[in-house]
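> Just need the structure, nothing else, for what follows:
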Amino acid sequence: MIVATKKVDRWFFLYGFGKNERNNISDKELEIFQEMAVDLLKLNDRQVDLALSSGEFVEVINETKENHQ
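Sure, this is the predicted structure:
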């Protein structure tokens, strides 16, 4: 799994794959993901909200037992 974060409450999931599908990403892919991370982490709250409301981003919510008690 490849994520970009610099804040406790904001993580961007960039890419995921099963280890049975491939061993790793290429150097070129790493470069692209690093560039994406820089751009994503520059977004302010309003920009993220707009991307979510337009469907460009999808919010993933981690539901655990603690959230249901």
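> Break down this protein into its helices, ranges please.
For the chain, applying DSSP state H gives helices covering 27-41, 45-54, 65-68.
> Of those, which is nearest residue 16?
In terms of Cβ to Cβ, the element of the helices of the chain nearest to residue 16 is helix 27-41, at 11.6 Å. For glycine as for every other residue, the C-beta is placed from the backbone atoms N, C-alpha and C.
> Buried ones in that closest one, by neighbour count?
33, 37, 40 (16 or more other Cβ atoms under 10 Å).
> Ok, stretch 37-53 next?
Buried, per 16+ other Cβ under 10 Å, within stretch 37-53: 37, 40, 48.
> okay, the helices of the chain in JSON lines with mean pLDDT and distance to residue 14 next?
Putting the helices of the chain into JSON lines (pLDDT from 0 to 100; distance: least, Cβ to Cβ, whole Å) gives the following:
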{"stretch": "helix 27-41", "mean pLDDT": "92", "distance to residue 14": "5"}
{"stretch": "helix 45-54", "mean pLDDT": "95", "distance to residue 14": "14"}
{"stretch": "helix 65-68", "mean pLDDT": "56", "distance to residue 14": "25"}
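> could I get those as CSV with distance to residue 3?
As requested, the helices of the chain are exported to CSV (distance: least, Cβ to Cβ, whole Å):
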stretch, distance to residue 3
helix 27-41, 8
helix 45-54, 15
helix 65-68, 20
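> Nearest to residue 19, out of these?
Proximity to residue 19 (Cβ to Cβ) singles out helix 27-41 among the helices of the chain, at 15.6 Å.
> got a pLDDT number for residue 24?
Residue 24 carries a pLDDT value of 86.
> CA atoms only: put stretch 30-40 into PDB for me.
What follows is stretch 30-40, C-alpha atoms only, in PDB (Å, rounded to 0.1, in the frame of the first residue of the first chain):
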ATOM      1  CA  LEU A  30       7.900   5.600  -7.200                       C
ATOM      2  CA  GLU A  31       8.900   8.900  -8.800                       C
ATOM      3  CA  ILE A  32       5.300   9.400 -10.000                       C
ATOM      4  CA  PHE A  33       3.800   8.600  -6.600                       C
ATOM      5  CA  GLN A  34       6.200  11.000  -4.900                       C
ATOM      6  CA  GLU A  35       5.200  13.800  -7.300                       C
ATOM      7  CA  MET A  36       1.500  13.000  -6.600                       C
ATOM      8  CA  ALA A  37       2.100  13.100  -2.900                       C
ATOM      9  CA  VAL A  38       3.700  16.500  -3.000                       C
ATOM     10  CA  ASP A  39       0.700  17.900  -4.900                       C
ATOM     11  CA  LEU A  40      -1.900  16.200  -2.700                       C
END
